[in-house]
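Visitor: coordinates only, sequence not included:
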């Protein structure tokens, strides 16, 4: 049998002063794993840049989303500028056969006013301070000629420094409208998703925790709501509210789109309510509301975050689609969907007006999907080492 003399103190030079490394919490571990997902970090970085531009970009461009300048309508980001001898500036002919004076730096000086139009020769005369020009539209494409009937001596491509992404059919800045439209799309998607998460978490957790007949009845309500066509629901809401716009879209998405979140939370509640820690909480008399608040919902936070992140790109697409078909955000508010709809009229001559908002929608959806995939992988306990 061991006595106190069998246990002697170690000499000071043999004492191990190295302490164990501090343990990592679950969420710290999740954050570290998320940072190793390159696509997720690319998506998060893209979202930060888009959010910054959407909030502060319109203040930097110097243009308003609804200010119109018809004299420079349908001017693309990159212009084919024609130079003539004796003229200090170049000239650009837009698809509407308007002649616009362009400086050597790509700045739009203004539209050159026509002084006459010969319908027989199909030639329009333009007078500038430096000479006369003719626009011959007897053939396609139209040609700009000098006073002697000679074409331009040099044609060059210049970046539109006045409107970096060009103008639309009303002369509005496409860049500013794209930033503002991204702001609207993000606001609609995030607000609707937050409401969806709140309703879905409460509804799904109660349904899954109670189970039985109550669970069956509550899920039948979810099945009925999920069968309602969203477009029809938005139309009904617009009729009830009297006007369409931001709040009608948010109410429509928040009223219908929470069913996916409810199903996810219900499945988590069904699997967690029979766990030992929940049974122990019941044994000591913890109320059902407290169990949901303290045990079930916190332990289901991983799937909730992933599902909420995946709901945002879906909401962005739904908002853009509804605005595209004319039952979403109402003009003059700039939305990516309304911009795409407006661009259909000039798709053949000015395709950039459709490509730019479509690219913004794709970029937003890809960024959220990359971030959602990274969150799902980081929150998966099977990948935790």
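Guide: Happy to help now that I have it. Just so you know, these numbers come straight off a predicted model, no measurement behind them. Residues are numbered from 1 along each chain as shown.
Visitor: Enumerate the positions of the lowest-mean-pLDDT helix or strand in the chain that are buried.
Guide: For the chain, the helix or strand with the lowest mean confidence is helix 230-241, at a mean of 73 (criterion: mean pLDDT, DSSP states H and E). In terms of neighbour count (16 or more other C-beta atoms under 10 Å), helix 230-241 has its buried residues at 233, 234, 235, 237, 238. Heads up, the C-betas are built off the backbone N, CA and C, glycines and all.
Visitor: One more: stretch 364-377?
Guide: Across stretch 364-377, burial judged by 16+ other C-beta under 10 Å covers 364-365, 367-377.
Visitor: packing partners for the helix or strand that comes right after the least confident helix or strand of the chain?
Guide: Later in the chain than helix 230-241, the nearest helix or strand by DSSP states H and E is helix 246-256. For helix 246-256, the packing partners by 3 or more C-beta pairs under 8 Å, 6 or more residues apart in numbering; DSSP states H and E come out as helix 174-210, helix 230-241, helix 301-324.
Visitor: contacting residues for residue 213?
Guide: If a contact means C-beta atoms under 8 Å, 6 or more residues apart in numbering, then residue 213 has no contacts.
Visitor: my read is it is in a helix, agree?
Guide: Yes - assessed with DSSP: H, G, I helix; E, B strand; the rest coil, residue 213 lies in a helix.
Visitor: For it, give its distance to residue 267.
Guide: Separation of residue 213 from residue 267 (C-beta to C-beta, to the nearest Å): 18 Å.
Visitor: same thing with residue 309?
Guide: Look at residue 309 and residue 267: by C-beta to C-beta, they are 18 Å apart.
Visitor: Looking at the two, which is more packed in?
Guide: A side-by-side neighbour count of residue 309 and residue 267, using other C-beta atoms under 10 Å, places residue 309 first with 20 against 14.
Visitor: Show me the contact partners of stretch 229-245.
Guide: Residues from elsewhere that reach stretch 229-245 (C-beta under 8 Å, 6+ apart): 247-249, 251-253, 255-257, 318, 322, 325, 327-330, 333.
Visitor: shaky segments in the stretch 101-250 of the chain?
Guide: Applying pLDDT under 70 to the stretch 101-250 of the chain picks out residues 242-245.
Visitor: all strands of this structure, in order?
Guide: In the chain, the strands defined using DSSP state E lie at 78-83, 90-93, 99-102, 108-111, 114-118, 123-128, 131-136, 143-146, 154-159.
Visitor: Would you format those as TSV with mean neighbour count included?
Guide: Formatted as TSV, the strands of the chain follow (neighbours: other C-beta atoms under 10 Å):
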stretch	mean neighbour count
strand 78-83	18
strand 90-93	22
strand 99-102	22
strand 108-111	16
strand 114-118	12
strand 123-128	17
strand 131-136	18
strand 143-146	19
strand 154-159	12
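Visitor: With distance to residue 281 as extra columns, can I get these in JSON lines?
Guide: Converted to JSON lines, the strands of the chain look like this (distance: least, C-beta to C-beta, whole Å):
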{"stretch": "strand 78-83", "distance to residue 281": "65"}
{"stretch": "strand 90-93", "distance to residue 281": "73"}
{"stretch": "strand 99-102", "distance to residue 281": "73"}
{"stretch": "strand 108-111", "distance to residue 281": "69"}
{"stretch": "strand 114-118", "distance to residue 281": "82"}
{"stretch": "strand 123-128", "distance to residue 281": "83"}
{"stretch": "strand 131-136", "distance to residue 281": "82"}
{"stretch": "strand 143-146", "distance to residue 281": "81"}
{"stretch": "strand 154-159", "distance to residue 281": "65"}
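Visitor: burial of residue 96, as a residue count?
Guide: Other residues near residue 96 come to 12 when the count uses other C-beta under 10 Å.
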